[in-house]
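Student: this one's structure only:
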């Protein structure tokens, strides 16, 4: 992965520790708004946020490497629910924090009126390429929400994503903002890289954040993008892509490669996630 282009701007923001961030803005049930922003525009955005935002700082680091493995049924039930714009849909993934080798198994549920609920289970990094050790947790989360495939249905690793993330806290509204750069996807042997774009995501209990309003004034509007569904649609042109077609044509066209560069290597104990 290439270094984040926003390092100097992040260094000028006031820091916040992980415990305080979680305490003030855990937001496991929330409303998300996502924007595709040119990476070159990020330093100015962060500069304007200096009086209002704090950045997550862990041992002096402010940008962290993430890897997610997304799982779906052989029929791609999760993908097709999103492609058909079903209001209630789900994602199952492992998320590995590559700098600390911590891992979680996560089930995300999209509910009514755009709300999102996330269920998380601490996971062994060496198991990030399979849901088998946490299958009971997945089935229970989906059953609790009355959504998803039947308990025990096959869930295969379908897509791998990597990116660098900086996380901001907006204390006045107890909101979070994530800034993802160095975006990369892999499905089988095909890869997709978007080095010139960033995904900025606001996470709030309901109302729009200061960052939303700043982006709106700059002429940017929320984009239809899902790291799983949009990435898979870009790498699998045979799949229906209705919800993301405009985003794909504008930002993803020509970015996929049938044999692109490999993503960054994992620690030895996580090699099974490749």
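Tutor: All right, it came through fine. It should be emphasised that the depicted structure is a prediction, and the values quoted were computed from it without experimental measurement.
Student: Would you mind measuring the gap between the ends of stretch 244-252?
Tutor: According to Cα to Cα, to the nearest Å, stretch 244-252 extends 10 Å from its N-terminal end residue to its C-terminal end residue.
Student: I meant stretch 47-58, not that one.
Tutor: Its start and end residues considered, stretch 47-58 measures 21 Å (Cα to Cα).
Student: And that stretch, what's buried?
Tutor: Of all the residues in stretch 47-58, those buried under the rule 16 or more other Cβ atoms under 10 Å are 49, 52-57. Every C-beta, even on glycine, is put in place using the N, C-alpha and C of the backbone.
Student: got the residue ranges for the strands in the stretch 1-150 of the chain?
Tutor: The residue ranges that make up the strands of the stretch 1-150 of the chain, judged by DSSP state E, counting those that start in this stretch, are 14-16, 29-38, 54-56, 64-72, 89-97, 102-110, 115-123.
Student: ditto for the stretch 151-274 of the chain
Tutor: Counting by DSSP E, counting those that start in this stretch, one finds strands in the stretch 151-274 of the chain at the ranges 156-170, 175-187, 190-194, 197-204, 256-257.
Student: With distance to residue 224 and mean neighbour count as added columns, please give these in TSV.
Tutor: Written out in TSV, the entries for the strands of the stretch 151-274 of the chain read as follows (distance: least, Cβ to Cβ, whole Å; neighbours: other Cβ atoms under 10 Å):
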stretch	distance to residue 224	mean neighbour count
strand 156-170	17	22
strand 175-187	16	24
strand 190-194	15	19
strand 197-204	12	22
strand 256-257	18	16
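Student: so which of those strands comes closest to residue 34?
Tutor: For these, proximity to residue 34 was assessed by Cβ to Cβ; strand 197-204 is nearest, at 4.8 Å.
Student: Sheet-wise, list the partners of the closest one with their directions.
Tutor: Here the strand partners of strand 197-204, with direction, are listed using DSSP bridges: strand 29-38 (antiparallel), strand 175-187 (antiparallel).
Student: Please work out which residues outside the shortest one touch it.
Tutor: With contact meaning Cβ atoms under 8 Å, 6 or more residues apart in numbering, strand 29-38 is reached by 45, 114-118, 196-206, 208, 212, 215, 220-223, 225, 247, 251.
Student: got it, and stretch 141-156?
Tutor: 71-74, 77-78, 88-90, 92, 107, 109, 111, 117, 119, 131, 135, 138-139.
Student: And it, how far out from the chain middle?
Tutor: In this view, stretch 141-156 has its centroid 21 Å away from the chain centroid, taken as Cα atoms, centre = their mean, to the nearest Å.
Student: average pLDDT across that stretch?
Tutor: For stretch 141-156, the mean per-residue pLDDT is 87.
Student: next one: stretch 48-63
Tutor: pLDDT averaged over stretch 48-63 gives 95.
Student: Quote the end-to-end distance of it.
Tutor: Using Cα to Cα, one end of stretch 48-63 lies 19 Å from the other.
Student: Averaging pLDDT per element, find the lowest-scoring helix or strand in the chain.
Tutor: Among the helices and strands of the chain, strand 256-257 carries the lowest confidence by mean pLDDT, DSSP states H and E, at a mean of 63.
Student: can you count the residues close to the nearest residue to residue 83 once chain neighbours are set aside?
Tutor: Here the nearest residue to residue 83 in space, its sequence neighbours aside, is residue 240; by Cβ to Cβ, 6 or more residues apart in numbering that works out to 4.6 Å. The local packing count at residue 240 equals 14, with neighbours defined by other Cβ atoms under 10 Å.
Student: Would you mind naming the residues that bridge with the residue nearest to residue 13 when sequence neighbours are not counted?
Tutor: Among residues not flanking residue 13 along the chain, residue 55 sits closest, at 4.2 Å (Cβ to Cβ, 6+ apart). Here residue 55 sits in beta bridges with residue 15, residue 168, as judged by DSSP bridges.
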